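Asks: Give me the fold of what follows.
(chains A and B)
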Amino acid sequence: MDAEEKQGVVSVGQYFTAVGILTLILIATWISSQPAIIQTVKEALGLRPYLQAEDDSFYQQRVHDIMARYCIACHTDDKSKGGLRLDSFRQAWFGGKSGSVLSNGEQAILLQRMLLPVDDKLAMPPYGRDRHTDEELAIVTLWLKKGASHSLKEEDFPEAPEKAPVIHFAPIDWAQINNDRQTFAGQVSDFQHRYPFSLNYQSRTTTALIFKAQLVEKGEVATAFESLCGMSPVLAEVYLNNEYGSEWQGDTDFHKHYQTAFTSRQWPELRVLDIRHWQISPALSAFLVSLPKLQRVTFRQGYVGSELIASLEQKGVRVTLIDKEGI
Amino acid sequence: MNSINSRATPAPVQEHTLPANRQTKVWDKGIRVFHWALVVCIVGAWYTIEQRMMDWHRGFGYAIAALLIFRVIWGVVGSTTARFTDFVVKPSTAYGYLKDSLRLKSSTHNGHNPAGGWMVISFLVLLAFQVISGLYSNNEIGFNGAFSDSIPKALSDQFTQWHALSFDIITLAIWLHLVAVFFYVLVKRQNLIKALFSGKKPSEQANPTQTLRFFEKGRLWLCVCMAILPIIYLLWIYG
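Replies: The predicted structure follows:
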């Protein structure tokens, strides 16, 4: 076997020793170009503290938001274009295929790419994406000029543009909204099927309802109103302003029936009420004054007494009076 | 024209009985051009993606696709040493060959040896995945693989990740391939590289018991056309 091995330029043993050494050199060369691996190993060995930006650092307070807004769509853990991640100071510090993007102050690759004309092939953010403002560019420039620090605080950058106020919207709890709507969901759904477009939620996030009677057939208004009263705890706006007057004007019983249905319920959320066809009885007057959240009410001139108007206005309710023509 | 190398006698050939520098043809034109074109295309695809030359990168990708289609067809209907039936063996046979090879006691083969055969299959699978994942990839800034719009963006992003990861695996496979090739060149004194240029190897390194058939005209060009046509269609439809 030895004789056979000597037939080559090198022996099997020599060859694989050389291959092993060459492989190790290649691996070492590759690792030396991977600061993430070097840093992680040194941290694991306790040779370096864990690399991350401090919570109150200038990076975390001012720079990170800019990266998050313009960069991390393509430079994050699940999509690191160019081998670069900018989703944290730690990852930004590791750099990408082009090496470090934070070193050399104003010559840092990060800044140089942001400074390129918008239509340049290498410009960042790339053409077609939202682009940073001059103020944001100034913040990144200042941070890089002072060494791209993970610890310098906002007070170390007095020349930085002032921080714009940030408006945070409370998160919407859709499950809670659905849950809150459950009590009357069946009735609302039935009503909407029976009288399309007349009953809606005030918005996608509320349980409060708006009823507009215009689209209810004239002969069905009474029945519709009765069903509507069943949902009185969640009705916020009720507009009975359609021209079905002939159906009941002058019909005292019919009139009473409406008002009895209305006054026999609780309307804890009612804010807007348009009852321009109702003649207001003393009992109804007292009931209207007692509505806890009423803000606006519409009557027909002559159907309502001045005392009620005064009482309501005293409570801060805006009263609108219309004449026979509906003006 | 088909050339035929026929060895009727299965008995081992004694080195001293052969004329000096006698060469045996083992690789046809199709395999040789395929191999070196693939090398150029892989290097080209790597260089162009590094330089963000996306149109060129796509071009090299399509070229690799055409080469792979050709190689699969040629592996079925091509010359003897190109056919899968010539070099795909049981994995245990390939393992045994590798062990013998390290002891410099392996058998001679005209075409791919048993271990090399599996290397070919591995490359075909890896490169096919590379091409397919490339067709479904996007680079976020205006370049999309031909089929990337037919799937959700998140899945296209996933294919983009796989496309990058797959290239790392291909790089590793290329390294293994080079280690094996230079093992033959430096240890076994079989210059496989030269053979893939000339198509010939010294006769003492060939297996004289096998009859070799080569197709280098009509059938070869027909297979080349069959490989190129789908790519032309792809370019025509997707640009």
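
Asks: Identify the residue of the stretch 201-327 of chain A closest to chain B, quick one.
Replies: residue A:204 (25.7 Å; CB to the nearest CB). All C-beta atoms are positioned from the backbone trio N, CA, C, and that covers glycine.

Asks: wait, what's in contact with that residue?
Replies: residue A:177 (CB atoms under 8 Å, 6 or more residues apart in numbering or on different chains).

Asks: Over to it. Which of the three states is it?
Replies: For residue A:204, the secondary-structure state derived from DSSP: H, G, I helix; E, B strand; the rest coil is coil.

Asks: Up against chain B, what does chain A have?
Replies: Within chain A, the positions near chain B by CB under 8 Å from any CB of the partner chain are A:1, A:4-5, A:7-12, A:15, A:19, A:23, A:26, A:73-74, A:78-79, A:81, A:97, A:121-122, A:126-129.

Asks: From those, keep the buried residues only.
Replies: A:5, A:8, A:10-12, A:15, A:74, A:79, A:81, A:126 (16 or more other CB atoms under 10 Å in any protein chain shown).

Asks: Just the residues you listed: which are in strands?
Replies: Judged by DSSP state E, those include residue A:79 as members of strands.

Asks: Show me the domain layout of chain A.
Replies: With domains defined by automatic domain parsing, chain A comprises A:13-50, A:58-156, A:174-322.

Asks: Format the ones you listed as a markdown table; extra columns: distance to residue B:165 and mean pLDDT.
Replies: Shown next, in a markdown table, are those (distance: least, CB to CB, whole Å; pLDDT from 0 to 100):
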| stretch | distance to residue B:165 | mean pLDDT |
| --- | --- | --- |
| domain A:13-50 | 15 | 93 |
| domain A:58-156 | 12 | 92 |
| domain A:174-322 | 37 | 87 |
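
Asks: for these, which one sits closest to residue B:167?
Replies: Evaluated with CB to CB, the domains of chain A place domain A:58-156 nearest to residue B:167, the distance being 12.3 Å.

Asks: so how far is that closest one from its chain's centroid?
Replies: Its chain's C-alpha centre and that of domain A:58-156 lie 25 Å apart, by CA atoms, centre = their mean, to the nearest Å.

Asks: who in chain B is up against chain A?
Replies: Within chain B, the residues that sit near chain A (CB under 8 Å from any CB) are B:50, B:52, B:102-105, B:139-142, B:157, B:160-161, B:175, B:179, B:182-183, B:186-189.

Asks: Those, buried ones only, as a ChimeraX selection?
Replies: This is the ChimeraX syntax for the buried subset of those, where burial follows 16+ other CB under 10 Å:
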select /B:102,104,139,140,141,157,160,182,183,186,187,188
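
Asks: Just the ones in helices from the residues of chain B next to chain A, please.
Replies: Taking DSSP state H, the ones among these that sit in helices are B:50, B:102, B:157, B:160-161, B:175, B:179, B:182.

Asks: can you redo the domains of chain A as a markdown table with distance to residue B:94?
Replies: Below are the domains of chain A laid out as a markdown table (distance: least, CB to CB, whole Å):
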| stretch | distance to residue B:94 |
| --- | --- |
| domain A:13-50 | 19 |
| domain A:58-156 | 35 |
| domain A:174-322 | 58 |
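
Asks: So which of the ones you listed is nearest residue B:147?
Replies: When those are compared by CB to CB, domain A:58-156 sits nearest residue B:147, at 18.9 Å.
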